[in-house]
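> A structural model of the following input is requested.
(one chain, ligands or ions: 1)
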Amino acid sequence: MKTTLRGFALAFSAIVLLSWLSAAAPAQSSGLVPTPPMGWNGWEAFGCKVDEQLVKAEADAIVSSGMQKAGYLYVNLDDCWEGTRDSNGNIQPNSKFPDMPGLVKYVHNDGLKFGIYSSPGPKTCAGYLGSYKHEQQDATTYAGWGVDYLKYDWCSAGSVYKSSQMKAAYDKMYQALQNTSRPIVYSLCQYGLQNVWQWGAGVGGNLWRTGGDVKDNYDEMWVSGIDEYGLQSYAGPGQWNDPDLLQVGNGGMTADEYRSQMALWSLLAAPLLASTDLTNMTQQTLAILTNPDVIAVDQDSAGIQGSRYQQTGPFEIWTKSLTSGSTAVGLFNRSEGASNMCVNFRGIGVGETAWVRDLWAREDRGSFQTQYCANVPKHGVVLVTLN
Ligand code: GLA
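Sure thing, here's the model as predicted:
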């Protein structure tokens, strides 16, 4: 009897907790991406030159390279997979993707998750079919294929919706995804228009782009990242500001510059979506993408988006508080030559003495008083934790 009553009380509490949770947050976002999503999206490396074989090979490379172990999970197909609609209006992949459910299954068998791409407009950015007037049908199709993630890109939607209808257009697909009952990460892509950070989570968004497409050069990459300055309060478990893909490995930046992108993205608690050819990357690219200390900063469970603490000309110091109580600090040198940079412990709220670990070197530097100084290469970063 006692056990039955206890069981009843437990079940009752669980129901109360569940209904409280579903009232507190859109169900789509709860629990899906408690830390920023990690994975691969080939857009910056391949554009429209993608097909089934390529996606399978990239998925396999995530596993064989060790990236999966490092936390990379989503294999996201971007634009250019779409074909025509059949006589019932169901979207068909084009001939480069002859068996979409088979491809999704293949990715799942690798222990990974599969993402797909569409637009609220009639056409995607590359001119393929969007989901306009087929939202529920497309969501149902994706769920049927086993899709786990949808990037929904504004593109041509401006030709059928006013800007003031943007939120409703995103909500429409959110409702459609909800109706499928399949948990699908919802990635809003509309380049930061209409202050999306203020309403993205309200339409079930798990992440939303904060600006235009990230470029494979240092200065423009930097702008994509620092665009997020001031948006800290909108990020947290389940909902992330998205400065776009990682260009690491694509050839337009030096290794130090790619380390800067990876470090800034991690301090920002940004999604880590590698966008290079993983089947053909150098050991250096792999090392930048998989450094466990750096990834731990990005994936910290508190989900705090870091912020710029200090800027003196081309020298910037960014900080992020971690669950452990330590503080991650990035000393970014944006000048044209190597330079000595120092962080003052008091200034960032760390006590007189701190234990310093260099995350790129993966080495403890020891105990320091008052400040830590390091020589930072041109366009590079020294990323440390202070404990
Ligand atoms: C837009 C997006 C990119 C990519 C392309 C695909 O430019 O911002 O990330 O998805 O469309 O056409």
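> pLDDT weak spots in the stretch 201-350 of the chain?
In the predicted model of the stretch 201-350 of the chain, no residue satisfies pLDDT under 70.
> now the helices for it?
With DSSP state H, counting those that start in this stretch, the ranges of helices along the stretch 201-350 of the chain come out as 218-226, 255-267, 283-290, 292-298.
> now those helices as a markdown table including mean neighbour count and distance to Gly31?
Where you see a C-beta, it was placed from the backbone N, CA and C, and this is true even at glycine. Shown next, in a markdown table, are these (neighbours: other Cβ atoms under 10 Å; distance: least, Cβ to Cβ, whole Å):
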| stretch | mean neighbour count | distance to Gly31 |
| --- | --- | --- |
| helix 218-226 | 18 | 27 |
| helix 255-267 | 25 | 22 |
| helix 283-290 | 18 | 25 |
| helix 292-298 | 20 | 19 |
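> can you count the residues close to the residue nearest to Trp154 when sequence neighbours are not counted?
In space, and not counting its chain neighbours, Trp154 is closest to Gln190: 3.8 Å by Cβ to Cβ, 6 or more residues apart in numbering. Residue neighbour count, defined by other Cβ atoms under 10 Å, stands at 22 for Gln190.
> Next: the one 5 residues further on.
By the criterion of other Cβ under 10 Å, Asn195 has 11 neighbours.
> May I have the secondary structure class of it?
Of the three states, Asn195 takes helix under DSSP: H, G, I helix; E, B strand; the rest coil.
> That one: what's it in contact with?
By Cβ atoms under 8 Å, 6 or more residues apart in numbering, the contact set of Asn195 is empty.
> try Ala374
Per Cβ under 8 Å, 6+ apart, neighbours of Ala374: 331, 340-342, 358, 382, 384.
> Tell me where the model's unsure across the stretch 51-200 of the chain.
Short version for the stretch 51-200 of the chain, where the test is pLDDT under 70: none.
> how close does the residue nearest to the spatial centre of the chain sit to the ligand?
Geometric centre of the chain, nearest residue: Pro271, 1.7 Å, by Cα atoms, centre = their mean. Using Cβ to the nearest ligand atom, to the nearest Å, Pro271 is found at 12 Å from the ligand.
> what does Gln305 give?
21 Å.
> who's in contact with that residue?
By Cβ under 8 Å, 6+ apart, the neighbours of Gln305 are 228, 231-232, 235-236, 241, 268-269, 320.
> which among those end up buried?
Buried subset of the contacts of Gln305 (neighbour count, 16 or more other Cβ atoms under 10 Å): 228, 231-232, 235, 241, 268-269, 320.
> just to revisit the earlier point, output the helices of the stretch 201-350 of the chain as CSV; include the columns distance to the ligand.
Formatted as CSV, the helices of the stretch 201-350 of the chain follow (distance: least, Cβ to the nearest ligand atom, whole Å):
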stretch, distance to the ligand
helix 218-226, 11
helix 255-267, 15
helix 283-290, 19
helix 292-298, 20
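> returning to what we had before: nearest to the ligand, of the contacts of Gln305?
Nearest to the ligand among these is Asn241, at 14.9 Å by Cβ to the nearest ligand atom.
> Pull the distance from stretch 322-341 to the chain's centre.
Distance of stretch 322-341 from its chain centroid, counting by Cα atoms, centre = their mean, to the nearest Å, is 22 Å.
> Get me the contact residues on the stretch 201-350 of the chain for the ligand.
Asp213 (Cβ under 6 Å from any ligand atom).
> Return the nearest residue of the stretch 201-350 of the chain with respect to the ligand.
Counting by Cβ to the nearest ligand atom, the stretch 201-350 of the chain gets nearest the ligand through Asp213, at 4.7 Å.
> okay, now the nearest residue to that residue once chain neighbours are set aside: neighbour count?
In this structure, Asp213 finds its nearest non-sequential neighbour in Asp244, 6.1 Å apart by Cβ to Cβ, 6+ apart. For Asp244, the count of nearby residues is 26 (other Cβ under 10 Å).
> Next, the contact list for Asp244, please.
With Cβ under 8 Å, 6+ apart, Asp244 has these contacts: 209, 211-214, 224.
> Most neighbours among those residues, which one?
Arg209 (27 neighbours).
> In contact with it, which residues are there?
188-192, 196, 242-244.
> Throw those into TSV and include distance to Thr140, thanks.
Shown next, in TSV, are the contacts of Arg209 (distance: Cβ to Cβ, whole Å):
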residue	distance to Thr140
Leu188	20
Cys189	21
Gln190	23
Tyr191	28
Gly192	30
Val196	26
Asp242	26
Pro243	31
Asp244	29
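> Mark which of those residues are buried, thanks.
188-192, 196, 242-244.
> out of those residues, which are inside strands?
Taking DSSP state E, the ones among these that sit in strands are 188-189, 242.
> Could you single out the nearest of those residues to Met166?
For these, the residue nearest Met166 by Cβ to Cβ is Leu188; the value is 9.6 Å.
> what's the closest one in contact with, if anything?
For Leu188, the contact set (Cβ under 8 Å, 6+ apart) comprises 152, 170, 196, 200, 203, 205, 207-209.
> try it again with 7 Å
152, 170, 196, 200, 205, 208-209 (Cβ atoms under 7 Å, 6 or more residues apart in numbering).
> now swap in Pro377 and tell me
Counted by Cβ under 7 Å, 6+ apart, Pro377 has contacts 256, 333, 338.
> for the closest residue to Trp199 other than its chain neighbours, helix, strand, or coil?
Spatial nearest neighbour of Trp199, chain neighbours left out: Lys167 (5.2 Å); criterion: Cβ to Cβ, 6+ apart. Put simply, Lys167 is helix when judged by three-state DSSP.
> hmm, back to that, for the residue nearest to Asp213, give me phi and psi.
Dihedral pair for Asp244: phi 90, psi -170, per degrees, to the nearest 10.
> thinking again about what came up before, wait, the residue nearest to Trp154 touches Ser156, no?
No. With contacts counted by Cβ atoms under 7 Å, Gln190 stays clear of Ser156, the gap being 11.9 Å.
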